[in-house]
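J.: What shape does this take:
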Amino acid sequence: MRASLRSVTALLIGAALAVSPVRTLATEKRDASDEEGVRPNILLIMFEDMSPRIGAYGDPVARTPVLDALARESVVFDSVFTTAGVCAPSRAALITGHYQQAIGAQHMRTGDGGPIPYEAVPQPEVKAFPELLRRAGYYTTNNGKTDYQFGIPFTIWDEQQTGQPWSGRAAGQPFFAMVNIMGTHESRVWPLDAKPIHPLVPRIVPAIAEEREGRVPVIDPADVIVPPYLPDTPAVRKDIAQLQENIAYNEQIVADLLNRLEDDGLADSTIVIVTTDHGDGLPRMKRSLYDSGLHVPMMVRFPDGEGAGMRRSDLVSFVDLAPTILSLADAETPVGLPGRVFIGPDRQPAPDYVFAAMDRHDEVPDRLRAVRDIRWKYIRNYQPDHPFFRHLDFRDVQPTMQELWRLHEAGKLSPVQESYFNSPRSEEELYDTRSDPHEIHNLADDPAYAEILSRMRAAFEEHMARIPDWSAEPEKQMIAAMWPGNEQPITAVPDFQRTDGGVIIGSATEGASIGYRLAREEHWRVYSGPISLPPGTTIEAKAIRYGYKESQVARFVHGS
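T.: Reported below is the predicted structural model:
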């Protein structure tokens with residue numbers, strides 16, 4: 001049995017946790033005939049708005065004994081990048097395994113700031129991977145944020161916002177649980193006297209006050225590291241310290257979840273993945289294509305200790321999570337996913353490049369694309385006439401952003417800091433992330449780097465030719481294509497067809513996902529093929545195409 005993390009948290013030490021040997025899930029391909037009882041449980045823990053500010057990643061200011069201990073038990077990935085520097089587009093890519101701009105989910109958000117509130121309508125073959133896990137027999141739950149940009153189709157999760165992420169499953173049923181940690185979000189850096197610049201301030205600030213009550217400070221603002229693109233002022237230092245303070249306190253949620261797995265006898269059968277939805281929630285970090293917005297930590301702990309303490313530097317993209325988790329679960333992976341399996345028995349070779357996109361943020365339009373290899377970053381700016389920093393209400397609540405505006409208006413920013421308020425921006429940017437980790441020296445116009453620029457530009461253009469990009473046309477036009485007449489389509493009501501001993505359920509809406517339940521059941525099951533039913537059985541079904549409205553419920557009595 002794995003040793004408890006309670007002692008690690010209480011003593012603020014990083015002692016490695018004991019591991020007892022079980023069957024090797026990381027290296028053995030499970031036999032399909034012996035799948036039941038062998039398929040692992042999978043727990044995905046996702047922090048909000050958090051770069052690798054973890055002691056195990058070399059952060060000298062971090063106070064993260066729980067995550068440091070977990071790192072010693074895990075395979076630690078050093079080069080993981082999200083597909084966007086903001087939550088909703090990043091989460092759309094994570095949950096589907098498709099780049100957000102390829103499925104109409106690239107703008108932050110579809111429900112606010114655009115021409116009209118809408119939901120993206122991905123291609124009919126696009127499915128959230130937890131729905132595919134349900135079809136494969138998994139029990140799936142989500143706790144916290146969803147934010148997929150195409151609604152929350154009822155077929156994705158068995159349960160949402162449950163206090164016990166895996167308790168509702170059937171006996172012996174494997175589970176996939178996703179737990180989102182909100183306490184590190186950008187808004188949790190806001191001061192308690194935040195001005196109501198954004199309408200959510202009056203609702204969020206009381207929650208912040210409750211979360212901070214009784215906390216003992218563990219991060220001294222004098223100790224934090226201020227990057228060169230932010231002014232080194234007391235207000236900025238206080239925000240950075242608050243950000244790291246939030247991580248220090250919210251990592252306890254990880255300890256609680258791991259302890260619960262142990263108490264429930266599940267630690268030796270559960271793969272644990274810890275990551276974040278994008279980089280830090282501070283200006284020029286969040287909502288950017290720099291590493292400060294895209295580079296995230298990731299740790300994968302196998303229940304048998306396989307690879308414990310190993311560090312991997314190969315490139316990993318968020319579009320890799322869907323095929324990897326489906327592979328670990330021995331579930332069928334859809335053809336055409338752009339990502340790869342990055343760990344486990346089906347591990348595939350690492351790519352040469354990863355890609356990211358930046359589009360409209362709330363009321364601020366934009367369009368940039370990026371490609372990165374293990375060292376170099378290339379950014380293409382499609383709207384160079386706009387400065388990087390423009391007023392954005394949610395971001396403007398933060399004291400650091402207010403400092404930037406104040407010093408900009410006073411002419412007291414450094415040339416690097418001031419450059420983010422200037423226009424036109426460079427159409428192309430090239431950075432050496434090894435010698436310039438903050439990406440402040442644009443090498444695109446330097447003849448000494450012409451060959452590298454040409455290579456990175458070619459990789460970018462090949463990607464753009466291969467991956468659809470809805471931002472190539474105005475958002476209004478995209479919405480009209482997904483929602484004809486700017487009205488949300490409605491999924492067709494399911495129909496039933498009798499077979500020998502059972503029933504087949506279908507929907508006239510292409511790509512619709514179907515749920516069904518038998519008489520007196522409350523829970524909707526996911527339909528994946530013909531159902532065997534005794535005569536006289538009443539069955540109900542409804543359907544949902546992602547981005548559409550749900551259909552009405554249809555009822556059928558088998559054998560009637």
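
J.: Same question for the longest helix seen in the chain: list its buried residues.
T.: With DSSP state H setting the assignment, residue counts place helix 234-263 as the longest helix in the chain. For helix 234-263, burial by neighbour count (16 or more other C-beta atoms under 10 Å) applies to 235-251, 253-255, 257-262. Where you see a C-beta, it was placed from the backbone N, CA and C, and this is true even at glycine.

J.: likewise stretch 525-538?
T.: 525-527, 531, 533, 537.

J.: Can you list the neighbours in contact with it?
T.: 131, 134-135, 155, 499, 501-505, 513-519, 539, 541, 555-560 (C-beta atoms under 8 Å, 6 or more residues apart in numbering).

J.: Please repeat the previous calculation with a cut-off of 7 Å.
T.: If you take C-beta atoms under 7 Å, 6 or more residues apart in numbering as the criterion, stretch 525-538 is touched by 131, 134-135, 155, 499, 501-505, 514-519, 539, 541, 555, 557-559.

J.: packing partners for the longest helix of the chain?
T.: helix 6-11, strand 41-47, helix 65-73, strand 175-181, strand 270-276, helix 399-409 (3 or more C-beta pairs under 7 Å, 6 or more residues apart in numbering; DSSP states H and E).

J.: tell me the mean pLDDT over it?
T.: For helix 234-263, mean pLDDT is 98.

J.: and the angle from that helix to helix 65-73?
T.: 60 degrees (axes from the mean of the first three to the mean of the last three C-alpha atoms, to 10 degrees).

J.: Could you pull out the strands in the stretch 101-250 of the chain for me?
T.: 139-143, 159-160, 175-181 (DSSP state E, counting those that start in this stretch).

J.: To Pro52, which of these lies closest?
T.: strand 175-181 (15.2 Å; C-beta to C-beta).

J.: Pull out the buried positions in the closest one.
T.: Neighbour-count burial for strand 175-181 [16+ other C-beta under 10 Å]: 175-181.

J.: so who does the nearest residue to Gly183 once chain neighbours are set aside touch?
T.: Distances taken as C-beta to C-beta, 6 or more residues apart in numbering put Asn250 closest to Gly183, at 3.9 Å, once the chain neighbours are dropped. Going by C-beta under 7 Å, 6+ apart, Asn250 touches 47, 181, 183-184.

J.: Of the residues you listed - the most surrounded one?
T.: Phe47 (28 neighbours; other C-beta atoms under 10 Å).

J.: partners of that residue in the sheet?
T.: Phe47 forms beta bridges with Ile181, Thr276, as assigned by DSSP bridges.

J.: pretty sure it contacts Thr276?
T.: Yes. Between Phe47 and Thr276 there is a contact at 4.2 Å, judged by C-beta atoms under 7 Å.

J.: for the protein, where's the lowest mean pLDDT among helices and strands?
T.: helix 6-11 (a mean of 36; mean pLDDT, DSSP states H and E).

J.: Could you pull out the helices in the stretch 1-150 of the chain for me?
T.: 6-11, 65-73, 87-96, 129-135 (DSSP state H, counting those that start in this stretch).

J.: which of the ones you listed sits most buried?
T.: Burial of those is given as mean neighbour count (mean count of other C-beta atoms under 10 Å); helix 87-96 ranks first at a mean of 28.

J.: Averaged pLDDT, that one. What do you get?
T.: On average, helix 87-96 scores 98.

J.: Now distance to Met298 too, for the helices of the stretch 1-150 of the chain, in TSV please.
T.: Output for those, formatted as TSV (distance: least, C-beta to C-beta, whole Å):
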stretch	distance to Met298
helix 6-11	20
helix 65-73	10
helix 87-96	12
helix 129-135	16
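
J.: Quick one, which of these gets closest to Pro447.
T.: It is, among the helices of the stretch 1-150 of the chain and with distance given as C-beta to C-beta, helix 87-96, at 35.2 Å.

J.: Let me know the angle separating that closest one from strand 41-47.
T.: 170 degrees.

J.: quick one: contacts of helix 87-96?
T.: Residues outside helix 87-96 that contact it (C-beta under 7 Å, 6+ apart): 82-84, 99-100, 103, 105-106, 108-109, 122, 126, 128-129, 147-149, 277-278, 318-319, 321-322.

J.: still on that earlier bit, make TSV from the helices and strands packed on helix 234-263 and add distance to Ile197 to it.
T.: Below are these laid out as TSV (distance: least, C-beta to C-beta, whole Å):
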stretch	distance to Ile197
helix 6-11	36
strand 41-47	25
helix 65-73	33
strand 175-181	25
strand 270-276	26
helix 399-409	9
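
J.: sorry, back to before: out of the helices of the stretch 1-150 of the chain, nearest to Val341?
T.: It's helix 129-135; of these, that one is closest to Val341 (C-beta to C-beta) at 12.3 Å.

J.: which secondary structure elements does the closest one contact?
T.: Helix 129-135 packs on strand 139-143, helix 321-328, strand 525-526, going by 3+ C-beta pairs under 7 Å, 6+ apart.

J.: For the nearest residue to Ala209 once chain neighbours are set aside, give its distance to Lys286.
T.: Nearest residue to Ala209, sequence neighbours excluded (C-beta to C-beta, 6+ apart): Leu192, at 5.5 Å. Separation of Leu192 from Lys286 (C-beta to C-beta, to the nearest Å) stands at 21 Å.

J.: Compare the two (neighbour count), which wins?
T.: Neighbour totals were compared for Leu192 and Lys286, and Lys286 leads with 23 against 9 (other C-beta under 10 Å).

J.: Next up, the contacts around the more buried one.
T.: 49, 85-86, 186, 278-280, 293.

J.: cool, Glu332 as well?
T.: Contacts of Glu332 (C-beta under 7 Å, 6+ apart): 132, 136.

J.: Kindly report the same for the one 4 residues further on.
T.: Residues counted as contacts of Gly336 (C-beta under 7 Å, 6+ apart): none.

J.: Run a quick check on Pro191 versus Thr400, I expect a contact.
T.: No. Counting by C-beta under 7 Å, Pro191 stays clear of Thr400, with 10.9 Å between them.

J.: higher neighbour count, the two?
T.: Higher neighbour count among Pro191 and Thr400: Thr400, with 25 against 15, using other C-beta under 10 Å.

J.: With Pro231 as the reference, measure out to the residue lying closest to that one once chain neighbours are set aside.
T.: Closest residue in space to Thr400, ignoring its immediate chain neighbours: Asp239 at 4.5 Å, by C-beta to C-beta, 6+ apart. To Pro231, Asp239 is 11 Å away according to C-beta to C-beta.

J.: now do Thr538
T.: According to C-beta to C-beta, Thr538 and Pro231 sit 67 Å apart.

J.: same check, this time on Leu282
T.: Relative to Pro231, and taking C-beta to C-beta, Leu282 is found at 12 Å.

J.: and those two? which has more neighbours close in?
T.: Legend: neighbour count by other C-beta under 10 Å for Leu282 and Pro231, higher for Leu282 (24 against 19).

J.: Contacts only, for that one.
T.: With C-beta under 7 Å, 6+ apart, Leu282 has these contacts: 239, 243, 400.

J.: please redo it, this time with the cut-off set to 6 Å
T.: Leu282 makes contacts with Thr400, as judged by C-beta atoms under 6 Å, 6 or more residues apart in numbering.
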